[in-house]
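1. sequence and predicted structure below; questions after.
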Amino acid sequence: MSTRTPALLLRETRCAARIAVRNPQTTFLVAVLPLLYLLVIASIFDGEEVHAPDRSWLLDVSTIMTASVVVIGVVSATFQHLTMTLVEDREYGVLKRLRSTPVPAPVFLAGHVVTATVLSLLLAALVTALGVLVLGVPFPGTRLLAGAVTVLAGALACAVVAFPFSVLVRRASASLPMAFGAGLAMFFLSGNFFPGKELPAAMGHVADLLPVRHFFLAMLTVFDPRTTGAGFEWGHLAVLGVWAVAGAALGIVFFRWTPTGDE
């Protein structure tokens, strides 16, 4: 690794961050929409307690939805946002031109991943603050470290999966609906919008194969006030790790640098 790589990575991260925060579409999708989900659903079920996923006891809906919206926000900041960015950069020729510049392509892409990860951490903190201060969700306290590790694991897995998924999106104009649609499908299958509802058996089997379900359950442990210990869900974190490795492997093999020509 060149001695200039860290400086280049920092520069690319700053550039990617400026592009992200200046884009109204990104701001709404990543920050505003998840917060709306939390406020609307928590208001509808105000004070209601339901059976939480994989638990035999009742939890306040606001607690479940805070954990759920942290996951939704992270998936939006990583998988959905990166898919749109990668497809648009590819179809508009940015990635192709990048290969002839002094900036190493992996550093350019890593800048986007680091930016998405930082946005995920900031959004997770914002959702947690909203849940605790406005909705009365119990503060995670000693489980904060587990929460940070879970957010990082989920962010990495979802970010890496965006690279092979971007190959399936052949037009820049289709990047938003396909990224948003895929994310929304995973949220519904994983039970993020249905606190207290048991998933049908077939849906449950499909959800168990997806990273979002495991991310959600691991994050729910962090927010559950009845959790004992540090709050790490190593089994679910291991699944996220498998998705990160698989996404990286598929991305290396199938990722496209040149436009498809279908636009």
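-> Here it is on my side, so go on.
2. what about Ala248, how many neighbours?
-> For Ala248, the neighbour count with other CB atoms under 10 Å is 16. (Glycine included, C-beta is placed from N, CA and C.)
3. what's the closest non-adjacent residue to it?
-> Val160 (5.1 Å; CB to CB, 6 or more residues apart in numbering).
4. now the one you found: which helix or strand?
-> Val160 is part of helix 144-166 when elements are defined by DSSP states H and E.
5. counting by contacts, list what the next helix or strand after that helix packs against.
-> Proceeding N to C from helix 144-166, the next assigned helix or strand is helix 175-189, under DSSP H and E. Other elements packing on helix 175-189 under the criterion 3 or more CB pairs under 8 Å, 6 or more residues apart in numbering; DSSP states H and E are helix 61-75, helix 81-91, helix 144-166, helix 201-207, helix 211-223.
6. report the angle between helix 175-189 and helix 81-91.
-> Here helix 175-189 points in a direction 150 degrees away from that of helix 81-91 (axes from the mean of the first three to the mean of the last three CA atoms, to 10 degrees).
7. quick check: mean pLDDT across helix 175-189?
-> Helix 175-189 shows a mean pLDDT of 92.
8. list the contacts of that helix.
-> 25, 29, 72, 75-76, 79-81, 83-84, 87-88, 162, 165-166, 168-169, 193, 199, 203, 206-207, 210, 212-213 (CB atoms under 8 Å, 6 or more residues apart in numbering).
9. buried residues in the helix or strand harbouring Leu109?
-> Using DSSP H and E, Leu109 maps to helix 105-133. By 16 or more other CB atoms under 10 Å, the buried positions in helix 105-133 come out as 107-120, 123-124, 126-128, 130-132.
10. which residue sits closest to Leu135, ignoring its sequence neighbours?
-> Nearest to Leu135 is Ser62, by CB to CB, 6+ apart, at 4.1 Å.
11. hang on, isn't the one you found packed against Val134?
-> No: look at Ser62 against Val134 with CB atoms under 8 Å: they stay out of range, at 9.0 Å.
12. the more surrounded of these two?
-> In terms of neighbours (other CB under 10 Å), Ser62 is the more surrounded of Ser62 and Val134; the figures are 25 against 12.
13. for that one, what are its contacts?
-> 42, 45-46, 131, 135-137.
14. scan the residues you listed and report the most crowded one.
-> Top of the contacts of Ser62 by neighbour count (other CB under 10 Å): Ala42, with 26 neighbours.
15. so Phe194, which of the three states?
-> Here Phe194 is recorded as coil under DSSP: H, G, I helix; E, B strand; the rest coil.
16. okay, it: pLDDT?
-> pLDDT, Phe194: 82.
17. tally of neighbours for it?
-> Neighbour tally, Phe194, other CB under 10 Å: 16.
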